[in-house]
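Colleague: here's my sequence, what's the structure:
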Amino acid sequence: MASLVAVIMVTSMTGPANAASLRITPEYFGVQDDGVQPDSSGAWASARMWAAWCTLQPTASTPIAESAARGLQRAYQTYTDSGARRLTVSLGHPAPWVFNDHPTSFQHNDRVWFCEKSAANTSFPLASELRAGPVSDAYVRYVVAVIEAGRSYLAADGRNKLVLQAWNEPNLKNGGTVSPKIPGAATTWYEAAQSLQQQERMIRGIAKAMIPGRYEITTPSLYGKKTALNTKYIKAQAKKRTVDSFSLNFYTLRQKSVNKSIKLWSKKAAVAKKLVTRYKKLRKRPIWLTETNHNLINFISNEGNVNGIWATPAAQKRLVEVTTMEAIRQGFAGIQWYQGTPTQTAVNTKPGSTATLASAALRDELLGRRVVKCSKKKSITKCRMTARPGSGRITVKWSAKGTAGVKILR
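Modeller: Below is the predicted model:
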């Protein structure tokens, strides 16, 4: 254990290429479904799953190696079978025992949807606690167990990669908090940002020792707007980067038409991207949309779900195609759809759905190409794409009006 911790503290970091220079690859198209919906069609070559600490090790006496192997087997196997080449694994979220079972750590939080809904689950261990001592040792064992459980996924295909992130939605009330005050936990957002970066250093050191060349470190899935944590955390990354890429998430909410939702989504995407690109030192880092969809119905009481009116095949095709092209136009490295229930999100990316098939068809048109130039005139947007072996240049065209999806001009 001591030698592994030593590796963590001295390991260096290498970065991937600028996202804007990458060709469109299968990994651009992805989902987050936590391994519950295997899709053997290969429509989604990137995916995201959870490996929450409090789920895998609810008590200090829980044997983490065995628990992780058992608890993550289904998810890892699902993504192995579905052909996911880029698998993001979300870590973090400690149980009360990490904070010595302090009474405050058990405080109930109704907005938490995992573990025991306790304050501990969304609290950040202090960076000083993670540098050395029992919390540090326990965290190392946890990350080692999660990576070890994923060896079968990596062994299945030499192209498979584990993308490791320290937390999920740390800047939302249901994803992270600096109150109540728990001894050993961050009590300011600055301390929370320091905790996340320390976790990232540790994750990198462990991954480099265990799976060299088969991993990437990405940020927590940050909600795509300016928050107290985003301000401090992203600024800290610009000063001393501990990640290879950035992960953002956002949704449209309570929209009553497909086109209004697409317009709002594009506006939110631009706002989210600027959180990172405002810093010159971060502009070459890939920015992934690791969780997104339209018209999310979540934690909203006494509100009717209007997603049903968007369920026609034409609406599903338009939503997934235009949204994907907007992500490409704005320079994101990839998009992963949140695969909620049919009444929770507008775009249904279940296996065999209209949206899944439409995304796969668009992917087949775009693979291997780069964007040459995008232009917009009134309601029409066009993106010229490079040629690829066996196929000349194409232009992808779509309108802000109407009901059609994108059109491929050859």
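Colleague: what sits against the spatially closest residue to residue 294 that is not a sequence neighbour?
Modeller: Excluding its sequence neighbours, the residue lying closest to residue 294 (CB to CB, 6 or more residues apart in numbering) is residue 346, at 3.9 Å. C-beta here means a position set from N, CA and C on the backbone, and glycine is covered the same way. Neighbour list for residue 346: 258, 261, 293-295, 307, 310, 319 [criterion: CB atoms under 8 Å, 6 or more residues apart in numbering].
Colleague: which strands or helices does the host helix or strand of residue 144 pack on?
Modeller: Assigned by DSSP states H and E, residue 144 belongs to helix 134-149. Of the remaining helices and strands, those touching helix 134-149 by 3 or more CB pairs under 8 Å, 6 or more residues apart in numbering; DSSP states H and E are helix 2-10, helix 53-56, helix 64-71, helix 127-131, strand 161-165, helix 189-210.
Colleague: the strands in the chain, which residues?
Modeller: 29-32, 46-50, 86-90, 161-165, 215-223, 245-251, 287-293, 334-338, 371-377, 380-385, 394-399, 407-409 (DSSP state E).
Colleague: so for residue 101, which of these sits nearest?
Modeller: Comparison of those against residue 101 by CB to CB identifies strand 46-50 as nearest, at 23.5 Å.
Colleague: list the neighbouring strands of the closest one plus their orientation.
Modeller: The sheet places strand 46-50 alongside strand 29-32 (parallel), strand 86-90 (parallel), with pairing taken from DSSP bridges.
Colleague: quick check: the gap between the residue nearest to residue 294 and residue 254.
Modeller: Residue 346 sits 11 Å away from residue 254, going by CB to CB, to the nearest Å.
Colleague: now do the shared contacts for those two.
Modeller: By CB under 8 Å, 6+ apart, residue 346 and residue 254 have these common neighbours: residue 295.
Colleague: how close does the spatially most central residue of the chain get to residue 316?
Modeller: Nearest to the mean C-alpha position of the chain, counting by CA atoms, centre = their mean, stands residue 290 at 2.9 Å. Distance, residue 290 to residue 316, by CB to CB: 21 Å.
Colleague: before we move on, the earlier item: now, which of the contacts of residue 346 sits nearest residue 358?
Modeller: residue 319 (8.8 Å).
Colleague: how many other residues sit next to the closest one?
Modeller: 27 (other CB atoms under 10 Å).
Colleague: I figured it hits residue 260, correct?
Modeller: No: assessed by CB atoms under 8 Å, residue 319 is found out of contact with residue 260, at 11.8 Å.
Colleague: so for residue 20, what's the pLDDT?
Modeller: Note for residue 20: predicted pLDDT of 39.
Colleague: which of the helices and strands packed on helix 134-149 has the lowest average pLDDT?
Modeller: helix 2-10 - the lowest mean pLDDT of the helices and strands packed on helix 134-149, at a mean of 46.
Colleague: now do the residue lying closest to residue 405 once chain neighbours are set aside, the pLDDT please.
Modeller: Counting by CB to CB, 6+ apart, residue 321 is the residue found nearest to residue 405 once chain neighbours are left out, at 4.0 Å. Note for residue 321: predicted pLDDT of 98.
Colleague: kindly report the same for residue 310.
Modeller: With respect to pLDDT, residue 310 scores 80.
Colleague: now residue 119: how far from residue 180?
Modeller: For residue 119, the distance to residue 180 - CB to CB - is 6 Å.
Colleague: please enumerate the shared neighbours of these two.
Modeller: Shared contacts of residue 119 and residue 180 (CB under 8 Å, 6+ apart): 104, 107.
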